[in-house]
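*Asks:* my questions concern the predicted model and sequence given below.
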Amino acid sequence: MNELARIVEALLFLSPDPVPVEGLADACEVSEGEVVEALARLREHYAEGFRGVVLREVAGGFTLATDPVAERAARRLLSRPRTPPLTQAQAECLAIVAYLQPVSRPEIARIRGVASESAVGTLLERGVIEESGRSRFGAVLYRTTDLFEKLFGLSGLDALPDPAAFDPSPEEEGELRERLLRAGAERAQD
Amino acid sequence: MNELARIVEALLFLSPDPVPVEGLADACEVSEGEVVEALARLREHYAEGFRGVVLREVAGGFTLATDPVAERAARRLLSRPRTPPLTQAQAECLAIVAYLQPVSRPEIARIRGVASESAVGTLLERGVIEESGRSRFGAVLYRTTDLFEKLFGLSGLDALPDPAAFDPSPEEEGELRERLLRAGAERAQD
Amino acid sequence: MPLRSLDLDLEVFHGPFDLLLTLVLREEIDLLEVDLAEVVLAYVEHLEKAGRLDLEATTEFLVLIAALLELKSRLMLPVEDEEGFDIEPGEAADELLARMLEYSRYRAAADMLRERLAGEHGYRYRSAPLPPQLRRVSVEAAQQAYDPEQLARAVGDLLEIPPPLDLRHVRRPAVSIEQRLRHLRDLLGRRAPFSFDEAVNGADRLTEAVTLFALLELYKAGEARWEQEEPFGPITVTPGGGAQPERRSGEHRSLS
């Protein structure tokens, strides 16, 4: 490991947040190209599956994190509880915010078909979404935070998969439509 | 590196304080002898002079720390003052402190016509103003700091620009402090 | 008032409002059988009990109830096309389908996020305080980031004394409630029944509005009754049974 790689390693170790390449280049007084090269060397050292600590690219920067191999022992040592998984309602609200941000709560409710204040409140409390101004009708708008990207291991919002991939197949859609039309026709006969 | 060494590495990475061998053995659910062996393996990896992070035995425990090689870059990355644009409230509070120092918070509030806790708090936190004793009435007094002069590119307080160029009613009589207080009292009446 | 605490007790559905549209979208409840007016009444009652208006929750309710109303009104239109309706038979189904598809997209995205979070679970980030020597902001590393003129300008703003408010354009209203109350009582005493048009007889809109307000006051006090056969039709005013002339002098003080 050359000196620059050592310095970059130390910076990632110290910094509480992921550091973007520009930030590292600035701090080390070298070019971004040199930082990218140093990161490549570091990546060799921190190849997943060999070490207890891994190099990750999340929330628009680089950071070190522990490998899941240590999860059980880490919980015993730090006696910090697991972060609870998301409920279905929370996950739906988060998905809508992630894809449509900035988005208001009434809009979330419109899509989900249920009022969503409790789920949105929990997401705010857990710091994965935050307020982001107001719509022209005065409703608070929400967006995701860096913590969201960090917790979900996303290098950035553009790392989210295309939502069209989640749409039902044309066959499924046709079937659903068929069912709805049948239901409508039955009603008309009553 | 075997799995136990990986886990020990992860634990030392996460823990903000040195961890004694017993603590590590407990968390990993292995004997202390096994932990000592794992630490020996880790020490090979973290031999001083080769990495940005080193393994240290301090205060009855083991810990990871950065190598001094990164000191300068770390200072540049992490000790850098935060300088987001000032809000109007912050600019007003800072201007009052800069031109009238030392000045108390109640006086700042009287001049601005609104309570100014949050803005003054932010300025304190960013290190551009600091406490400077107490007034005769016991209120904390504030003055600007060296960092303030540096961030505003001022060679000293006497290099502050003359507010006369922005004075809306230059014909008014009185000292700056007196006039600011008078204007504040007028505003407060609305 | 949180929407989730709105409990409904309808003929076809008992439970929180939250659940209603979900069940409708999942076709577990027939929207045609849901009395939406009941839902609105329950909400208004709830608002009244709460005593304050949570704008966000109310907007949410309006959005949801509007969606339900729209869906229901479409479902209620006859499927066999009659003249005057240019809505295709399948349109209600299309509307519902579009909503269900949009929702299913985000439900699938939600599953993806949950899986992703579960997969990330073992990764932990370090959150240790900085070593003491790095905690202090270093003055040497600081570079100019602000324009000192900003401070002088802020002082200039603070020296500004606001001009006194110009109130000349605010006139005292030429029509007072007292005046219109007197006028109506006079008519009630002399010419009842009379029509509202007679009472305002060619006066301007402000006078009309204040007269209507005065009439409401008289109605509330039981001094007058009024009838309107059809929307926008003539309003006939008759004396009410509960006139209490002895209270006249003081009862409307709060309006002056």
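*Replies:* Yep, that arrived.
*Asks:* which stretches of the chain form strands?
*Replies:* Chain wasn't specified; assuming chain A. A:53-58, A:61-66, A:103-104, A:129-134, A:140-144 (DSSP state E).
*Asks:* actually it's chain C I care about, not the one you picked
*Replies:* Taking DSSP E as the criterion, chain C carries its strands at C:7-9, C:14-16, C:124-125, C:194-195, C:224-228, C:235-239.
*Asks:* in the fifth one, what counts as buried?
*Replies:* By neighbour count, with 16 or more other C-beta atoms under 10 Å in any protein chain shown as the criterion, the buried positions of strand C:224-228 are C:224-226. In this view, the C-beta of every residue, glycine as well, is placed from N, C-alpha and C.
*Asks:* take those residues and lay them out in CSV including distance to chain A.
*Replies:* What follows is those, written out as CSV (distance: C-beta to the nearest C-beta, whole Å):
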residue, distance to chain A
C:Ala224, 40
C:Arg225, 41
C:Trp226, 37
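*Asks:* reformat those residues as a markdown table; add distance to B:Ser104 and pLDDT.
*Replies:* Output for the buried residues of strand C:224-228, formatted as a markdown table (distance: C-beta to C-beta, whole Å; pLDDT from 0 to 100):
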| residue | distance to B:Ser104 | pLDDT |
| --- | --- | --- |
| C:Ala224 | 63 | 90 |
| C:Arg225 | 66 | 89 |
| C:Trp226 | 64 | 87 |
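*Asks:* what's the end-to-end length of stretch A:161-170?
*Replies:* The first residue of stretch A:161-170 is 20 Å away from its last residue (C-alpha to C-alpha, to the nearest Å).
*Asks:* wait, A:Glu107 touches A:Leu100, no?
*Replies:* Yes. At 7.2 Å, A:Glu107 counts as touching A:Leu100 under the criterion of C-beta atoms under 8 Å.
*Asks:* which one's more surrounded, the two?
*Replies:* More neighbours surround A:Glu107 than the other of A:Glu107 and A:Leu100, with 21 against 16 (other C-beta atoms under 10 Å in any protein chain shown).
*Asks:* against chain B, how distant is that one?
*Replies:* Note on A:Glu107: its distance to chain B, by C-beta to the nearest C-beta, to the nearest Å, is 29 Å.
*Asks:* equivalent analysis for C:Ser127, please.
*Replies:* As judged by C-beta to the nearest C-beta, C:Ser127 and chain B stand 8 Å apart.
*Asks:* with C:Asp111 instead?
*Replies:* Relative to chain B, C:Asp111 is positioned 29 Å away (C-beta to the nearest C-beta).
*Asks:* burial of that residue, as a residue count?
*Replies:* If we define neighbours as other C-beta under 10 Å, then C:Asp111 has 15 of them.
*Asks:* name the nearest residue to it, sequence neighbours excluded.
*Replies:* A:Ala91 (7.2 Å; C-beta to C-beta, 6 or more residues apart in numbering or on different chains).
*Asks:* repeat that for A:Ser31.
*Replies:* Distances taken as C-beta to C-beta, 6+ apart place A:Ala25 nearest to A:Ser31, at 6.2 Å, with adjacent residues excluded.
*Asks:* quick one: A:Ala40 from A:Ala47, how far?
*Replies:* Separation of A:Ala40 from A:Ala47 (C-beta to C-beta, to the nearest Å): 11 Å.
*Asks:* again, but for A:Val30
*Replies:* Counting by C-beta to C-beta, the gap from A:Val30 to A:Ala47 is 24 Å.
*Asks:* compare these two (neighbour count), which wins?
*Replies:* Neighbour comparison, A:Val30 and A:Ala47: the larger count goes to A:Val30, with 17 against 11 (by other C-beta under 10 Å).
*Asks:* contacts only, for the more buried one.
*Replies:* Listed by C-beta atoms under 8 Å, 6 or more residues apart in numbering or on different chains, the contact partners of A:Val30 are A:Leu4.
*Asks:* hang on, C:Asp197 packs against C:Thr236?
*Replies:* No. At 10.1 Å, C:Asp197 does not count as touching C:Thr236 under the criterion of C-beta under 8 Å.
*Asks:* so is stretch A:109-125 next to chain C?
*Replies:* Yes. Contact of stretch A:109-125 with chain C (C-beta under 8 Å from any C-beta of the partner chain) involves A:109-118.
*Asks:* can you give me the buried ones in that stretch?
*Replies:* For stretch A:109-125, the neighbour count (16+ other C-beta under 10 Å) marks A:109-120, A:122-123 as buried.
*Asks:* list the contacts of the closest residue to chain B within the stretch 101-250 of chain C.
*Replies:* Of all residues in the stretch 101-250 of chain C, C:Gly156 sits closest to chain B, at 2.8 Å by C-beta to the nearest C-beta. If a contact means C-beta under 8 Å, 6+ apart, then C:Gly156 has B:163, B:165-168 as its contacts.
*Asks:* output the below-cut-off pLDDT ranges for chain A.
*Replies:* By pLDDT under 70, the low-scoring segments of chain A are A:80-83, A:179-190.
*Asks:* okay, now C:Asp30: neighbour count?
*Replies:* There are 13 residues near C:Asp30, going by other C-beta under 10 Å.
*Asks:* low-confidence stretches in the stretch 1-150 of chain C?
*Replies:* C:1-5, C:18, C:21-22, C:25-27, C:53, C:55, C:77-93, C:95-96, C:132-133, C:135-136.
*Asks:* one more pass at 90, please.
*Replies:* By pLDDT under 90, the weakly predicted segments of the stretch 1-150 of chain C are C:1-108, C:115-145.
*Asks:* so where do the helices sit in it?
*Replies:* C:17-25, C:36-50, C:55-76, C:91-119, C:132-135, C:149-159 (DSSP state H, counting those that start in this stretch).
*Asks:* what sits closest to the residue of the stretch 1-150 of chain C found nearest chain A if chain neighbours are left out?
*Replies:* Here the residue of the stretch 1-150 of chain C nearest chain A is C:Gly122; by C-beta to the nearest C-beta that distance is 2.0 Å. Leaving aside its chain neighbours, C:Gly122 sits nearest to A:Pro68 (2.0 Å; criterion: C-beta to C-beta, 6+ apart).
*Asks:* now swap in A:Leu176 and tell me
*Replies:* In space, A:Leu176 is closest to C:Leu97, 6.3 Å off (C-beta to C-beta, 6+ apart).
*Asks:* closest residue of chain A to chain C?
*Replies:* A:Pro68 (2.0 Å).
*Asks:* contacting residues for the most centrally placed residue in chain A?
*Replies:* Nearest to the mean C-alpha position of chain A, by C-alpha atoms, centre = their mean, lies A:Glu149 at 3.2 Å. Contacts here follow C-beta under 8 Å, 6+ apart; on that basis A:Glu149 touches A:58-60, A:155-157.
*Asks:* related to what we said a few turns ago, what would the buried residues of stretch A:109-125 look like in TSV with distance to C:Arg126?
*Replies:* Listed next are the buried residues of stretch A:109-125 as TSV, based on distance: C-beta to C-beta, whole Å:
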residue	distance to C:Arg126
A:Ala109	38
A:Arg110	41
A:Ile111	37
A:Arg112	36
A:Gly113	41
A:Val114	39
A:Ala115	39
A:Ser116	34
A:Glu117	34
A:Ser118	32
A:Ala119	30
A:Val120	30
A:Thr122	25
A:Leu123	24
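*Asks:* return the subset of the residues you listed lying in helices.
*Replies:* Applying DSSP state H to the buried residues of stretch A:109-125, the entries found in helices are A:109-112, A:117-120, A:122-123.
*Asks:* residue 37: neighbouring residues, count only.
*Replies:* Here I'm looking at chain A. A:Glu37 has 16 neighbouring residues, counting by other C-beta under 10 Å.
*Asks:* please go with chain C instead
*Replies:* 9.
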